[in-house]
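Engineer: Okay, structure incoming, though there's no sequence with it:
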């Protein structure tokens, strides 16, 4: 029997059953036919092949647009409420790959009010700081800035608020209550916020002056916002956005998705020593209790967080990953050795990322313009 | 026994009992001491002396600021959902007088999303049109444009939305529900909107970089928005706004406030003939059924709409008004003659207003800048 689990945009806990989630959320699995079609147009990506991006809505519409050579916009985002961790990067790296392969425009939303509304102690001073910090990570990933539009909600409300009101007009309080688990004692900003998250689904149609398909690569927990968007889209005369949905990069402890608090995450600014300490100390292991037992019975890569991180992020080479899997299962590779492989991969990635992150400062200054 | 009546920002019906309203709304009557103080600083105004502006909140704070020679901002507004009628002008004319007398800055909010959210069939296309039309009337009144800042919600959300989120964070859905009579089936924009109406109460403190007192001249039905603002202000570190509250200019039929629909209103663009026809046909009369009876028993100015319009708007001269009152009560002045006095006053006012309204076009173009 599976454990209990919860997946909302504001909480992910327990051991997530993704098959159940597909039914619960009313989304579709990315099947072989769909995968082949994407691969035909874009080439292979390990995140697709390994089914880390496992589900979608309306992806067929995106592929139709591609075949008709119509414009498609990507849309992803980041609520700046703390530092960026490795788990955040998965969707963005995939988004960047799509941008590269298709040459698509990207809307990158920074909803700097969201977490202020949802977290009692978070202020706009905090989010101003995290907007700057998070943008460094985002720019470091190498999006094509000539094809990327950042929407910072409190700065760009002049462009967003009217459309948000049109969405809000079609969203009842009871719908928002049900979708996001809100109470009458919750603040009215929480009820309204989802309207702002819908806006980038429709702005491309406004900009292009005709119905324009949007594709949103994101964690599956975010789909609920866009379920609402899909219900409303046609009433407002816009195409329904498509989503391509990722599983969560597990927390080091393997409980739920990587959290933005505590020791359960690797931050993009962690030093090599911190990375080593956290992985050694916290990364949940599928290995056996003793070396002797491990050599004899082998480990379980399917529950091993280090292995899952390699699979989802740090080992794109299928053959290398398969050999790590085999060696771990056979007992040839010990848990400590598997962790060592991951530590080296993360640190190599972060060394490069942190360099690019520093180099991004003038770009971020330019994006933010005035001080925020 | 008084009839039933209803006063909310979204509905005013029945014969309003203003004494009851003072208790219901928890506002204060403008008493003689307060009136004397205002008169000392600003001189006399018939709207005050005749108690058409009859109630307030925190007006003592405004007077303290005046005595300390601190800056005060005026704040008023107009939701652009239709043409402007005579009833709308009362608060604005009084606001303009305050601006003149004290040299205060004014924030004039145009919440062009409010009625889109509250009225099923009203669109942003409609409000764009009415924003332009209504601004012509507002500019025609002669505010000091060097000291007046217009905030058009959908255009100026970049300056307003962040502060609105701070207000929204302190406003629960159940509070909004209770204050504005909302239902779970109402849209989330209706729940959020009041936060936008609070923003101009706090922006002056942001602009000045220190706590700055705001005074809002408005119809008493609007006070409920600012009741919420008062509850929140100190939590956010801003001074509570003050309100100075007007009775409603009665509808021609004398039922509730002048409505923005039907034949119950005089529009600022009405021709002299239309004015004459409407007053003759619809203005509720306190006169007797026959001339003979009227001559014998006299009319009742207190229920006569023409007389009330003269008192609230068109006859600032106390002696002239008293003599009209006496003549009407004694039966010397017939209803038709009283109506004739009003018709001439309105048409003289509108002739001038319509000229100024036309002359305002280039100013409005400049305020709106881009097309809306």
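Structural biologist: Okay, I see it. Given the structure is predicted, the values throughout are model-derived calculations rather than measurements.

Engineer: Contacts made by the helix ranked longest in chain A with the rest, please.
Structural biologist: In terms of residue count, the longest helix belonging to chain A (DSSP state H) is helix A:335-359. With contacts defined as CB atoms under 8 Å, 6 or more residues apart in numbering or on different chains, helix A:335-359 is touched by A:86, A:136-137, A:139-142, A:266, A:268-270, A:272, A:275-276, A:279-280, A:283, A:285-287, A:294, A:299, A:304, A:306-307, A:309-310, A:314-315, A:324, A:328. Every residue, glycine included, has its C-beta placed from N, CA and C.

Engineer: repeat for stretch A:281-298
Structural biologist: Residues from elsewhere that reach stretch A:281-298, judged by CB under 8 Å, 6+ apart: A:250, A:252-254, A:263-264, A:299-307, A:309, A:328-332, A:334-335, A:338-339, A:342.

Engineer: sorry, back to before: of the contacts of helix A:335-359, buried ones?
Structural biologist: A:86, A:136-137, A:139-140, A:266, A:268-270, A:275-276, A:279, A:283, A:285-287, A:294, A:299, A:304, A:306-307, A:309-310, A:314-315, A:324, A:328 (16 or more other CB atoms under 10 Å in any protein chain shown).

Engineer: How about residue A:88, nearest residue that isn't a chain neighbour?
Structural biologist: Leaving aside its chain neighbours, residue A:88 sits nearest to residue A:78 (6.8 Å; criterion: CB to CB, 6 or more residues apart in numbering or on different chains).

Engineer: tell me the phi and psi of that neighbour?
Structural biologist: Main-chain dihedrals, residue A:78, degrees, to the nearest 10: phi -160, psi 120.

Engineer: And residue A:270, by the same measure?
Structural biologist: According to degrees, to the nearest 10, residue A:270 has phi -60, psi 140.

Engineer: what's the nearest residue to it if we skip its chain neighbours?
Structural biologist: residue A:350 (6.7 Å).

Engineer: Now do that neighbour against chain B, distance only.
Structural biologist: 33 Å (CB to the nearest CB, to the nearest Å).

Engineer: And residue A:140, by the same measure?
Structural biologist: Using CB to the nearest CB, one obtains 27 Å as the distance from residue A:140 to chain B.

Engineer: still on that earlier bit, dump the residue contacts of the residue nearest to residue A:88.
Structural biologist: Residue A:78 sits next to A:84, A:88, A:92, A:108, A:109, A:110, A:134, A:138 when contact means CB under 8 Å, 6+ apart.

Engineer: in the one helix or strand in chain A whose mean pLDDT sits lowest, what counts as buried?
Structural biologist: Using mean pLDDT, DSSP states H and E, strand A:11-14 stands out as the lowest-scoring helix or strand of chain A, at a mean of 78. Buried residues in strand A:11-14, counted by 16+ other CB under 10 Å: A:12, A:13.

Engineer: now swap in stretch A:316-328 and tell me
Structural biologist: Within stretch A:316-328, the residues scored as buried using 16+ other CB under 10 Å are A:321, A:324, A:325, A:327, A:328.

Engineer: As CSV, these with secondary structure and distance to chain B would be great.
Structural biologist: As requested, these are exported to CSV (DSSP: H, G, I helix; E, B strand; the rest coil; distance: CB to the nearest CB, whole Å):
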residue, secondary structure, distance to chain B
A:321, helix, 44
A:324, helix, 47
A:325, helix, 47
A:327, helix, 52
A:328, helix, 48
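
Engineer: Just the element for the most far-flung residue of chain A relative to its centre, please.
Structural biologist: Relative to the centre of chain A, and counting by CA atoms, centre = their mean, the farthest-placed residue is residue A:292 at 39.1 Å. Residue A:292 is part of helix A:291-297, with elements assigned from DSSP states H and E.

Engineer: Residue A:126 too?
Structural biologist: Using DSSP H and E, residue A:126 sits in helix A:124-140.

Engineer: What residues does chain A have near chain B?
Structural biologist: Within chain A, the positions near chain B by CB under 8 Å from any CB of the partner chain are A:113, A:116-117, A:124, A:153-162, A:165-166, A:168-174, A:176-177, A:182-189, A:191-192, A:194-195.

Engineer: just checking, which of these belong to helices?
Structural biologist: Short answer: those in helices (DSSP H) are A:116-117, A:124, A:153-162, A:165-166, A:168-169, A:173-174, A:176-177, A:188-189, A:191-192, A:194-195.

Engineer: picking up where we left off before, figure out how far the longest helix of chain A is from the centre of its chain.
Structural biologist: Distance, stretch centre to chain centre, for helix A:335-359: 20 Å (CA atoms, centre = their mean, to the nearest Å).

Engineer: for stretch A:357-372, same thing?
Structural biologist: Distance, centroid of stretch A:357-372 to centroid of chain: 23 Å (CA atoms, centre = their mean).

Engineer: can you check stretch A:111-121 too?
Structural biologist: Centroid separation for stretch A:111-121 versus its chain: 18 Å, with CA atoms, centre = their mean.

Engineer: From the opening residue of that stretch to its closing one, how far?
Structural biologist: Using CA to CA, to the nearest Å, the end-to-end distance of stretch A:111-121 comes out at 17 Å.

Engineer: rewinding a little: check which residues of the helix holding residue A:126 are buried.
Structural biologist: A:124, A:126-128, A:130-140.

Engineer: Also stretch A:54-73?
Structural biologist: Neighbour counts over stretch A:54-73 (16+ other CB under 10 Å) mark A:54-59, A:61-63, A:65-66, A:72-73 as buried.

Engineer: out of the buried residues of helix A:124-140, who's nearest residue B:27?
Structural biologist: Among the buried residues of helix A:124-140, residue A:124 lies closest to residue B:27 (CB to CB), at 32.0 Å.
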